[in-house]
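J.: How does the following fold in three dimensions:
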Amino acid sequence: MDPIYNGMPATDLGAEGWHKPWSGGNGGNCIEAMKLADGRVAVRQSNDPDGPALIYTHGEIAAFIQGAKSGQADFLLT
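T.: Numbers count the residues shown, from 1 in each chain. Got it, this is the predicted structure:
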C-alpha cells in the first residue's frame, strides 16, 4: 500500500473499517472515521466516500474530542 497522507482518496484506505460515530437526524450528512493500524485516524464525508480523507494523529483527535466535550467547539454550532 502507498503511504497514507492527508488528502488522499478515501477509497485508497479500503471500504472496511469506516464508522459513523456522529450520525443521526441530519439528513445523511455524516462524518465517517477509521482508526488506522498506526494509531492515526482517517475522517471522510459519508456523502462523498470517494473524496479525500483527512488524516489526524491520535493526539490531534484526542485534543479535538476533549475540547469539544469541554465546550471549546460550541462556537461551531451558532
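J.: alpha carbons only for contacts and neighbour counts from here, please
T.: Fine.
J.: quick one: residue 56 and residue 42 touch, right?
T.: Yes. Residue 56 lies in contact with residue 42 (C-alpha atoms under 8 Å); the separation is 6.4 Å.
J.: Of these two, give the one with the bigger neighbour count.
T.: Counted by other C-alpha atoms under 10 Å, residue 56 and residue 42 do not tie: residue 42 has more neighbours, with 25 against 18.
J.: How is the more buried one assigned, secondary-structure-wise?
T.: Following DSSP: H, G, I helix; E, B strand; the rest coil, residue 42 is assigned to strand.
J.: Just give me the neighbour total for the nearest residue to it once chain neighbours are set aside.
T.: In space, and not counting its chain neighbours, residue 42 is closest to residue 55: 4.5 Å by C-alpha to C-alpha, 6 or more residues apart in numbering. For residue 55, the count of nearby residues is 23 (other C-alpha under 10 Å).
J.: List the strands paired with the strand or helix carrying residue 55, with their directions.
T.: Element membership for residue 55 (DSSP states H and E) is strand 54-56. Its sheet considered, strand 54-56 pairs with strand 41-45 (antiparallel) by DSSP bridges.
J.: The strand it pairs with: how far from the chain's middle?
T.: 3 Å (C-alpha atoms, centre = their mean, to the nearest Å).
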